[in-house]
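Participant: quick one, structure for this:
(2 chains)
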Amino acid sequence: MAARSRVATLRDQYAELLRSAFLVDLQYRASIAIWLVWGITEPIISFAIWWSIAAGGAVDGYTRDGFARYFFGVALVNQATLSWDAWNIDRWIREGEMNHRLTRPIAPIHEAIADNIAYKGPTAAIILAVWVVASIFWPAVRIPFEPGRWALGIVAIGLAAAIRFFNGYATGLLAFWTTRATALVELQFGISLFLSGRIAPLSLLPPRVVHVAQYLWFPYVLSFPVEILTGAVTTWQQYARGYAGQLVWLAIWLLLYLLVWTRGRRHYGAVGG
Amino acid sequence: MPNAIVATNLTKTYDVKVRDPGIKGALAALVRPRYRQVRAVDSVSFAIERGDAVAFLGPNGAGKTTTLKMLTGLLFPSAGRAEVAEHDPWTGGNPFRRRIAFVLGNKQQLLWDLPAEESFRLNRAIYGVSLADYTTRRAELVELLVLGELIDKPVRQLSLGERMKCELAAALLHQPEVLFLDEPTLGLDLDAQQTIRTFLGEYRRRHGATILLTSHYMADVTALASRVLIINRGRLLHDGELSELVTRIAPIKRIELVLSEPVPRARLEEYGTVAHYAPPRATLEVPRETATAASTRLLTDLAVADLSIQDPPIEEVIRIAFGETEQDAGAEAEAPRADVRRAPP
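Facilitator: Next comes the predicted model:
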């Protein structure tokens, strides 16, 4: 098949994959609404705690208003980048649902990518809309009107989503070997509470923790995009470090995905499901 | 006619972890795992010509599904090789996948929450079927499978039979040359089974598709396939016409009698083995070559209201065939095919 027609086929495949994923999500709109509320519960709780701590004045430069903006950012970026793929892939493999996907002329990862876009696009848009409405009535949560910064933020959110996706997908593929692949995701989830900036801005954590975090992918999938949106990232060095970290971790997780996929597929071919 | 499927000494061996019972056994398995090598498919060879329909029979765990998984590229053989639709299933990639379909009766592939039509649309795009071809093929499948309004109902609301009809339609939209069906009528009522059989026969006739199916229902086999492969314990026991198998395994005919006057059982035994005796009905088993002569004698000697000569039921033939392999395996117990070994360090 010529390269151009391959691109056309892939475009056609994505159009239908996105359509069916979106239609399936519509069937589960009530569940999705509940997951959405669940997803924002954690930043609301963290915000409530920091709100009361900051009653006496700014904490390391974060005022109450600063925390409000930060946790709106966390809710939005987390919704736009979260990944449940490990559980899906684990189920596909353990329950034999991977078999028919492997006999189709499209790699199963494309279905997962389409599912992610179809789910995260609309749900993140809802959080964004809430943020926009809230900022009409609550000036504290307004972020600076800087379209350039927003564009940079969108790029960072896209990269963060890709890192978390390949991380989750590659971890899920470990189900080719073990029945406990999802336990690794739970572990990462716990660590990411601290190291990605989910329960507090990274600058409030002990310097040693921040030092360790910068060598891992966690700050680049949440803290960095959030801080672009809230205006905490200002110098070009901060941008460069953030994007470089994102690109390096994206490359690492992409390579790990390719490695686990090719090895896992071979292992599956050898031992079956 | 060129071959659509060729399997040459296809073999699949699995390492199965061996664990002694109890906590001690569990701990020992953690520290020093032991593995037993199980040969799920053992040097199976066969060729299927393009356009043929062949049934793959065997008891549960015989190696049927493992063989189908190797032929569809899901598993790679431990030894031997396969060629399907002119491709090595393992390395054939997407060009190979576009030429086959694999339908598993116990696993659904349709989008559960949406009408089947949505799965059709998705498969059209996935298999790169042009809109014009899609429209024609969809119309044909809807007509042949009498899908009507079924395709507008969410799949979860369909009965098992309705769902299987939609599964087949979705799997055939790309018009595969080779169709692998694993228990396509599993759990269906008689009407639905018949619909599926009729459809598959008609589809093969129209499009010259090659079909390899596994089934536990003999009616599937007799309706669809003239040739059967019988596998048990991973070994191919029989490859040939169904009628050959009947002749070889059960070289008898059954004479079904309805007597108009009572005849003692002992009297009937002069003509053959009495398999069933419930006056006025009786069933005799006689050697195949003497069936006609025995029938003539019965009609002359006794007061017979009705008489028919039949082959033994195919289920029984297959059961006897499986029994033969069990005996073979028993005889080979001296030379075990499973070998227990320690895990490599």
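
Participant: mind pulling the model confidence for the residue most central in space within chain B?
Facilitator: Compute the mean C-alpha point of chain B, and by C-alpha atoms, centre = their mean the closest residue is B:Thr214, 2.1 Å away. Looking at B:Thr214, its pLDDT is 90.

Participant: same check, this time on B:Leu188
Facilitator: 85.

Participant: in a helix, that's where it is, yeah?
Facilitator: No - looking at B:Leu188 with DSSP: H, G, I helix; E, B strand; the rest coil, it is coil, so not inside a helix.

Participant: now do it against B:Asn106, distance only.
Facilitator: 12 Å (C-beta to C-beta, to the nearest Å). The C-beta positions use only the backbone N, C-alpha and C, and glycine is treated the same way.

Participant: centre of the chain to the helix or strand harbouring A:Gln238, how far?
Facilitator: Assigned by DSSP states H and E, A:Gln238 falls within helix A:236-271. Centroid separation between helix A:236-271 and its chain, computed with C-alpha atoms, centre = their mean, to the nearest Å, is 15 Å.

Participant: ok, now stretch A:224-244?
Facilitator: On C-alpha atoms, centre = their mean, the centre of stretch A:224-244 falls 17 Å from that of its chain.

Participant: got the end-to-end distance for that stretch?
Facilitator: Using C-alpha to C-alpha, to the nearest Å, the end-to-end distance of stretch A:224-244 comes to 11 Å.

Participant: verify the stated contact: the residue nearest to the centre of chain B with B:Leu186.
Facilitator: No - checked against C-beta atoms under 8 Å, the pair B:Thr214 and B:Leu186 is beyond contact range at 9.7 Å.

Participant: tell me which residues of stretch A:178-185 come out buried.
Facilitator: By neighbour count on 16 or more other C-beta atoms under 10 Å in any protein chain shown, the buried set for stretch A:178-185 is A:181-182, A:185.

Participant: B:Leu188 and B:Asn106: which is more packed in?
Facilitator: Taking other C-beta atoms under 10 Å in any protein chain shown, B:Leu188 and B:Asn106 do not tie; B:Leu188 has more neighbours (22 against 10).

Participant: quick one: contacts for that one?
Facilitator: B:160-161, B:164, B:196 (C-beta atoms under 8 Å, 6 or more residues apart in numbering or on different chains).

Participant: and with 10 Å instead?
Facilitator: Contacts for B:Leu188 (C-beta atoms under 10 Å, 6 or more residues apart in numbering or on different chains) come out as B:105, B:159-165, B:194-196, B:217.

Participant: could you export those residues as JSON lines, including distance to A:Phe71?
Facilitator: Listed next are the contacts of B:Leu188 as JSON lines, based on distance: C-beta to C-beta, whole Å:
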{"residue": "B:Gly105", "distance to A:Phe71": "51"}
{"residue": "B:Ser159", "distance to A:Phe71": "50"}
{"residue": "B:Leu160", "distance to A:Phe71": "49"}
{"residue": "B:Gly161", "distance to A:Phe71": "53"}
{"residue": "B:Glu162", "distance to A:Phe71": "50"}
{"residue": "B:Arg163", "distance to A:Phe71": "46"}
{"residue": "B:Met164", "distance to A:Phe71": "51"}
{"residue": "B:Lys165", "distance to A:Phe71": "52"}
{"residue": "B:Gln194", "distance to A:Phe71": "63"}
{"residue": "B:Thr195", "distance to A:Phe71": "58"}
{"residue": "B:Ile196", "distance to A:Phe71": "57"}
{"residue": "B:Tyr217", "distance to A:Phe71": "61"}
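
Participant: PyMOL command for the buried members of these?
Facilitator: Listed next is the PyMOL selection for buried residues among these, using 16+ other C-beta under 10 Å:
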select buried, chain B and resi 105+161+162+163+164+165+195+196+217
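
Participant: among the contacts of B:Leu188, which ones lie close to chain A?
Facilitator: Applying C-beta under 10 Å from any C-beta of the partner chain, the subset of these adjacent to chain A is empty.
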